[in-house]
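**Q** I'll drop the sequence and a predicted model, then ask my questions.
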Amino acid sequence: MNTLLKDAPPRIRQPRPTFKRSLIPYAYISPTAALLLVLMMLPIILVIGYSFFDNVIVNKNPEFVGLANYVEILTDGVFAQALGNTLYFTFVSVGAHLVLGLSFAMLLNTRLLSSLSKALFRAIYVMPWLFTVAIIAVLWRLLLNPNGVINYVIITLGLSDTGIEWLSSRDTALIAVTFINIWAGYPFFMVSLLAGLQGIPRDLYEAATVDGANPIQQFIHVTLPQLKPIIISMAMLDLIWTSQQFALIWMTTGGGPINDTEMLSTFTYKAAFSSYEFSQASASAVIVLLLSMVLAFFYVCHQKSRD
Amino acid sequence: MSMTKTQKAVAAKAGVIVALCIGAVFAGFPVFWMLISSFKSNSEIFEFPPRILTESFSFDAYATILGDPTKVRFFINSYVVSLSVTVLTLIVAILAAYAFSRYEFRFKKTLNMIIVSVQAVPPITLLIPFFGLMVTLGLYNTYAGLILTYMVFTLPYAIIMMTGYFNTLPRELDEAAKVDGASSMKALWGILVPIATPGIVSVGIYTFMISWNEYLFALTLTRTEDMRTVRIGIQLLMGQHSFEWNEMMAMSILGAIPVLILFLFFQRYFIGGLAAGSVKS
């Protein structure tokens, strides 16, 4: 194919750019632009607008109140708690996703097992990824039920007499939802890191072995630096997604007990659709947007620095 | 006592196998428990001690769900919405990706920035204005409302991925066709799209999964039972007084089947596409 093109005579009829031709790319972009304008830009402008008025949506003539909604939200103890819970939930989840994903990827990349048994293990390991959070939430409510199978194991091992109310006890609820999220999310890291591991040239390890590096030194000086770009990209995407998690919390604890698992997403949802405080909800939604944009900014900068 | 080289190799292999098995229990046991719970009767779900096989092993929970027109409707809704989103996203994304990959135009960089960064816009931020917007546009509680909403979330990723695929295909391919007098549309659909099929398949699978699994907007933008999707249907089984655990598990399995099938048949595209996305995007 390439050689054919090389041998072809130079083009004679180079199409001249005309006004009509220069419009072509805009025509191709227009459906995307229209959709993003009406269903992305407009809603963002609307929600920012809502956040400066009182009683929007429910009141026909809302009054401009400036930053009052923001002041109210930021001085609200529950919002602060939701922010703290979201930070805990997000950073513990992302850290555990990374450690588990990398460990499993390295186990699955072993040269000690046949490719058939590796394929079998890979199929099992990837399973949590094939179920959506709505299903995962219901499944873990079954497993973590006071009379469920996990409490059976705990009682049988003598770790507790009565079993633990994982999702409704104030001591364990936040840990439990974080654990569920860890289970749900590590395969995404694992799959990408496995692809990354398989892409590391073998001679790098051979050179390290010749230099007398032991497996741990090889991991630190060859594996980690090679995987670093993937790890940073994945971690940033995961930070953005995990901090926005809604369905998992909503379907397991609903933010309870007593706000102990309240996240920014559930706080905002409740303010809007349980209390009908659309103005405060909008202020909260704008704060969530700003936090996400900061993360996105770092992500884009990182991507650019790699190009 | 020092180990010989073969002893060391055996020990290493045993260690890897043990670690893999522990991990497999962590990853696989919950799914296994979901499966066997769907074959139990509801009264046996929390038996103490729990049993894997019970006398009442049956497909009753599945039969109940598939025999209930309301619940079957949840599945039909999910299929209609997800398939529409997939087809429409692919068409719109292919057009946009073609422009990004093959043309120079003003605002290209700005538009590209916008498309990359809107991926990070939190769904919860859009939820409040969407509610009012959909009511105003008459799209509240309709398929069209859900389909357009999901496209906002699937399009950016699809465009970025498709642009990446088109960029790997030599320009000469479609330009040769254009010199021969074909329109740019013909060059796109007749030449580029057929070659880019693997990329299109993986973007399509990803799009289908996102819309099949969506929860927040399905919850907020639909009202009547005949518009609910599977995700919401599962939650509706959590009644006020009793939980139909076996039916919830059966519905979860049924709800996961399309994704499982896609995964089994297109595993290569899945992992390849995802890796490419995370490495390059």
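**A** Cool, got the structure.
**Q** Going by C-alpha atoms from here, please, whenever you check contacts or count neighbours.
**A** OK.
**Q** In contact with residue 140, which residues?
**A** You didn't say which chain, so I picked chain A. For A:Trp140, the contact set (C-alpha atoms under 8 Å, 6 or more residues apart in numbering or on different chains) comprises A:Ile180, B:Pro30.
**Q** switch to chain B, that's the one I care about
**A** Taking C-alpha under 8 Å, 6+ apart as the test, what B:Tyr140 contacts is B:Phe131, B:Met134, B:Leu221, B:Thr222.
**Q** Surely it is within a strand?
**A** No: applying DSSP: H, G, I helix; E, B strand; the rest coil, one finds B:Tyr140 to be coil, outside a strand.
**Q** Show the backbone phi and psi for it.
**A** Per-residue torsions, B:Tyr140: phi -60, psi 140 (degrees, to the nearest 10).
**Q** Let me know the helix or strand that the residue of the stretch 101-250 of chain B found nearest chain A is in.
**A** Residue nearest to chain A within the stretch 101-250 of chain B: B:Thr125 (4.6 Å; C-alpha to the nearest C-alpha). B:Thr125 is part of helix B:123-136 when elements are defined by DSSP states H and E.
**Q** Check which element follows that helix along the chain.
**A** With secondary structure assigned by DSSP H and E, helix B:123-136 is succeeded by helix B:143-168.
**Q** if I pick A:Glu63, what's in contact with it?
**A** A:Glu63 neighbours (C-alpha under 8 Å, 6+ apart): A:Phe53, A:Asp54, A:Asn55.
**Q** If I look at it, what pLDDT would I see?
**A** Here, the pLDDT recorded for A:Glu63 equals 83.
**Q** Report the separation between it and B:Phe131.
**A** Relative to B:Phe131, A:Glu63 is positioned 21 Å away (C-alpha to C-alpha, to the nearest Å).
**Q** Could you check how many residues crowd around whichever residue of the stretch 51-200 of chain A sits closest to chain B?
**A** Of all residues in the stretch 51-200 of chain A, the one sitting closest to chain B is A:Ser192 (5.1 Å; C-alpha to the nearest C-alpha). If you count neighbours by other C-alpha atoms under 10 Å in any protein chain shown, A:Ser192 ends up with 26.
**Q** quick one: it and B:Ile17, what's the gap?
**A** Distance from A:Ser192 to B:Ile17, by C-alpha to C-alpha: 22 Å.
**Q** For B:Met162, give its distance to A:Asn109.
**A** 29 Å.
**Q** Neighbour count: these two, which is higher?
**A** For B:Met162 and A:Asn109, the more surrounded residue by other C-alpha under 10 Å is B:Met162, and the numbers stand at 25 against 18.
**Q** OK, contacts around that one?
**A** By C-alpha under 8 Å, 6+ apart, the neighbours of B:Met162 are B:Ala93, B:Ile94, B:Ala97, B:Gly199, B:Ile200, B:Val203.
**Q** Quick one: buried ones out of these?
**A** Neighbour counting by 16 or more other C-alpha atoms under 10 Å in any protein chain shown classes B:Ala93, B:Ile94, B:Ala97, B:Gly199, B:Ile200, B:Val203 among those as buried.
**Q** Quickly find the element holding the fourth one.
**A** Taking DSSP H and E as the criterion, the element that holds B:Gly199 is helix B:197-213.
**Q** dump the residue contacts of the residue most central in space within chain B.
**A** With distances taken as C-alpha atoms, centre = their mean, B:Met209 lies nearest the centre of chain B, 1.1 Å away. Contact analysis of B:Met209 by C-alpha under 8 Å, 6+ apart lists B:Ser82, B:Val259.
**Q** What pLDDT is listed against it?
**A** For B:Met209, the pLDDT comes out at 84.
**Q** follow-up on the earlier one: give me the nearest residue to the residue of the stretch 101-250 of chain B closest to chain A, chain neighbours excluded.
**A** Nearest non-adjacent residue to B:Thr125, counting by C-alpha to C-alpha, 6 or more residues apart in numbering or on different chains: A:Ala285, 4.6 Å away.
**Q** Next secondary structure after the helix holding B:Gly199?
**A** Where DSSP H and E defines the elements, the next helix or strand beyond helix B:197-213 is helix B:216-221.
**Q** Can you spell out which helices and strands pack onto that following helix?
**A** Using 3 or more C-alpha pairs under 8 Å, 6 or more residues apart in numbering or on different chains; DSSP states H and E as the contact test, the elements touching helix B:216-221 are helix B:123-136, helix B:143-168.
**Q** Just send those back as CSV, with mean pLDDT too.
**A** What follows is these, written out as CSV (pLDDT from 0 to 100):
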stretch, mean pLDDT
helix B:123-136, 90
helix B:143-168, 91
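**Q** and B:Lys178, which of those helices is closest to it?
**A** The closest of the helices and strands packed on helix B:216-221 to B:Lys178 is helix B:143-168. By C-alpha to C-alpha, the value is 16.3 Å.
**Q** Off-centre distance for that closest one?
**A** Distance of helix B:143-168 from its chain centroid, counting by C-alpha atoms, centre = their mean, to the nearest Å, is 13 Å.
**Q** Could you identify the helix or strand that succeeds that helix?
**A** Per DSSP H and E, the helix or strand that comes after helix B:143-168 is helix B:171-179.
**Q** That following helix: which residues count as buried?
**A** Neighbour-count burial for helix B:171-179 flags B:Leu173, B:Asp174, B:Glu175, B:Ala177, B:Lys178 (criterion: 16+ other C-alpha under 10 Å).
**Q** now swap in stretch B:156-167 and tell me
**A** So, applying 16+ other C-alpha under 10 Å, buried residues of stretch B:156-167: B:Pro156, B:Tyr157, B:Ala158, B:Ile159, B:Ile160, B:Met161, B:Met162, B:Thr163, B:Gly164, B:Tyr165, B:Phe166.
**Q** And for stretch A:287-298?
**A** Applying a neighbour-count criterion of 16+ other C-alpha under 10 Å, the buried positions in stretch A:287-298 are A:Ile287, A:Val288, A:Leu289, A:Leu291, A:Ser292, A:Met293, A:Leu295, A:Ala296.
**Q** Residues touching that stretch, excluding its own?
**A** With C-alpha under 8 Å, 6+ apart as the test, stretch A:287-298 has contacts from A:Met236, A:Leu239, A:Ile240, A:Leu264, B:Ser117, B:Ala120, B:Val121, B:Pro122, B:Thr125.
**Q** Just flag the most distant two among those residues.
**A** Most distant of these, by C-alpha to C-alpha, are A:Leu264 and B:Ser117, 20.3 Å apart.
**Q** Compare the two and say which is more crowded by neighbours.
**A** Of the pair A:Leu264 and B:Ser117, A:Leu264 is the one with more neighbours under other C-alpha under 10 Å, namely 29 against 18.
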